[in-house]
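Model the following, please.
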Amino acid sequence: MIRLKAIVLLLALPAWALQAAESPWDRGAPVLDKPLNITVYRSPACTCCGKWLEHMKKHGFIIQDIQTEDMTSIKKQNGVPDTLQSCHTALIGARVVEGHVPAADVREFLKQDSGGSGIAVPGMPSGTPGMEMGARKDPFSVLEFDQRGNTRVFHNYRFY
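Model (predicted):
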């Protein structure tokens, strides 16, 4: 009987561990009414990009995952300013999503017609979708940019 209980506990552990590891960015967040295709370019060596892809899938995005070693040319071809670059670059139609941008901000950006060509979270701040590190959450901004490289703050995240 004790062995049976131990086996049941062991079988339940992976499901429990997955629930505990759920990203706070995914809890209670709405999913797109109509799924959107998103093409993501990333280095095959980057694990945080895969976690961001999972975040986007949970919000209704259909991912085309393209792994490449030539991320520099992808960013240049799509007008991502050097100061806004991160580890992965995603395209939704002609619009660019650079780095660990929360899905809610991507949805909001796509609704607007501000003239911006993309949004970005520069670098790889701790606590962003795909970069969760327990309780550590760095403040960060989602920045909108246009084809000339002009930027404006789209959304600030401050954790106190």
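
Would you map the strands across the protein?
Taking DSSP state E as the test, the strands found in the chain are 36-42, 61-67, 88-92, 95-98, 118-120, 140-145, 151-157.

what's the angle between the last one and strand 140-145?
This points to strand 151-157. In terms of direction (axes from the mean of the first three to the mean of the last three Cα atoms, to 10 degrees), strand 151-157 departs from strand 140-145 by 150 degrees.

and strand 151-157, what other elements does it pack with?
helix 103-111, strand 140-145 (3 or more Cβ pairs under 8 Å, 6 or more residues apart in numbering; DSSP states H and E). C-betas here are computed from N, CA, C, even on glycine.

hey, which of the ones you listed is tucked in deepest?
Highest mean neighbour count among those (mean count of other Cβ atoms under 10 Å): strand 140-145, with a mean of 22.

who touches Gln112 in this structure?
By Cβ atoms under 8 Å, 6 or more residues apart in numbering, the contact set of Gln112 is empty.

let's number from 208 now, not from 1
Sure, I'll start counting at 208 from here, so that last one is Gln319.

okay, it: pLDDT?
You'll see Gln319 listed with a pLDDT of 88.

can you tell me how far it sits from Ala311?
13 Å (Cβ to Cβ, to the nearest Å).

In CSV: the helices and strands packed on strand 358-364, plus distance to Trp259.
What follows is the helices and strands packed on strand 358-364, written out as CSV (distance: least, Cβ to Cβ, whole Å):
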stretch, distance to Trp259
helix 310-318, 9
strand 347-352, 13
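
Can you get me a residue count around the closest residue to Asp233 other than its chain neighbours?
Nearest residue to Asp233 in three dimensions, chain neighbours excluded: Lys265, at 4.9 Å (Cβ to Cβ, 6 or more residues apart in numbering). A count of neighbours around Lys265, defined by other Cβ atoms under 10 Å, yields 16.

And for Ser321?
Ser321: 12 neighbours (other Cβ under 10 Å).

Check Pro251 too.
So Pro251, with other Cβ under 10 Å, has 10 neighbours.

which residues does it contact?
Gln274, Thr275, Glu276.

List the buried residues for stretch 282-301?
Under the neighbour-count criterion of 16 or more other Cβ atoms under 10 Å, stretch 282-301 has 282, 285-288, 291-299 buried.

Need the winner for burial among the strands of the chain.
Buried most deeply of the strands of the chain, by mean count of other Cβ under 10 Å, is strand 325-327, with a mean of 25.
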